[in-house]
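Novice: no FASTA, just this:
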């Protein structure tokens, strides 16, 4: 009776490779279960936002004032020309923190524009945006927040829009895990003699169907 060590090297290598592929497939599937469900469900909500009232938004408007000294850090000396870099005259960090503290603004700062009369500050996050317009002379401002529902938040997470680098990394890792699941599943199919040909035929049909929808269904 032949022992395991007496098996041909290629046979033993194939067995080890099949074991590794099965191990990766099982545990990558478990690791990617949550993200697979998340991106599957949000694929539907993203494609049909009207089904879930994803486009409804609540608008909140507010007014206030901040210390105007923060908007004029470098007043030009007599006889000198104003600095061409107007943004250098504004304490941006302090202005942003003052707005966040006063109104509980969330989302990341995506734009801060400065001209001679006013500053415009824009924050964005998943399902959220806020725009403030500040008069540089008086320090008075108006703030408009647009707050969308949960479905819109989930849709933005699916697209990675205004979600920051941490969530972008989650998307990349999730994509890599799904690639591992797909490839290891395909590899395991080659070890199932009775299902190999039918499985490959089904995979080929699925690929052809997707390509057909793309070439003949997408304008």
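Specialist: Ah, there it is. Predicted model, so just to flag it, every value in this text is computed and none were measured.
Novice: C-terminal to the strand or helix carrying residue 43, what's the next element?
Specialist: According to DSSP states H and E, residue 43 maps onto helix 33-47. Next in sequence after helix 33-47, counting helices and strands by DSSP H and E, comes strand 57-65.
Novice: in its sheet, what does that following strand sit against?
Specialist: strand 140-148 (antiparallel) (DSSP bridges).
Novice: Could you list the buried residues of the strand it pairs with?
Specialist: 141, 143, 145, 147-148 (16 or more other Cβ atoms under 10 Å). Quick note: C-beta positions are derived from backbone N, CA and C, even for glycine.
Novice: And the helix holding residue 43, what does it pack against?
Specialist: Helices and strands touching helix 33-47, by 3 or more Cβ pairs under 8 Å, 6 or more residues apart in numbering; DSSP states H and E, are helix 150-159, helix 164-189.
Novice: what's the most buried one of these?
Specialist: Compared across the helices and strands packed on helix 33-47, helix 150-159 shows the largest average neighbour count, a mean of 19 (mean count of other Cβ atoms under 10 Å).
Novice: quick one: that one to helix 33-47, angle?
Specialist: 110 degrees (axes from the mean of the first three to the mean of the last three Cα atoms, to 10 degrees).
Novice: which outside residues touch helix 150-159?
Specialist: 38-39, 41-43, 45-46, 49, 52-55, 57, 125-128, 162-163, 167 (Cβ atoms under 8 Å, 6 or more residues apart in numbering).
Novice: remind me which residues of this structure are low pLDDT?
Specialist: 1-7, 53-56, 74-85 (pLDDT under 70).
Novice: Which parts of it belong to which domain?
Specialist: 16-51+157-180+188-217, 57-148 (automatic domain parsing).
Novice: And the residue nearest the centre of the chain, how far from residue 201?
Specialist: Nearest to the geometric centre of the chain sits residue 160, at 1.6 Å (Cα atoms, centre = their mean). The gap separating residue 160 from residue 201 is 35 Å, by Cβ to Cβ, to the nearest Å.
Novice: what's the answer for residue 182, then?
Specialist: Taken as Cβ to Cβ, the span from residue 182 to residue 201 is 17 Å.
Novice: Quote the end-to-end distance of stretch 140-159.
Specialist: End-to-end distance for stretch 140-159, by Cα to Cα, to the nearest Å: 36 Å.
Novice: Nearest spatial neighbour of residue 70, chain-adjacent residues omitted?
Specialist: For residue 70, ignoring the flanking residues on the chain, the nearest one in space by Cβ to Cβ, 6 or more residues apart in numbering is residue 91 at 4.3 Å.
Novice: is it true that residue 90 touches residue 73?
Specialist: Yes. Residue 90 lies in contact with residue 73 (Cβ atoms under 8 Å); the separation is 6.6 Å.
Novice: neighbour-wise, which of the two wins?
Specialist: Ranked by neighbour count (other Cβ atoms under 10 Å), residue 90 and residue 73 place residue 90 first, with 20 against 12.
Novice: need the contact list for the more buried one.
Specialist: Residue 90 touches 70-73, 112, 114, 119, 136, counting by Cβ under 8 Å, 6+ apart.
Novice: Make CSV out of the residues you listed and add distance to residue 212.
Specialist: Formatted as CSV, the contacts of residue 90 follow (distance: Cβ to Cβ, whole Å):
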residue, distance to residue 212
70, 60
71, 59
72, 63
73, 62
112, 48
114, 53
119, 53
136, 58
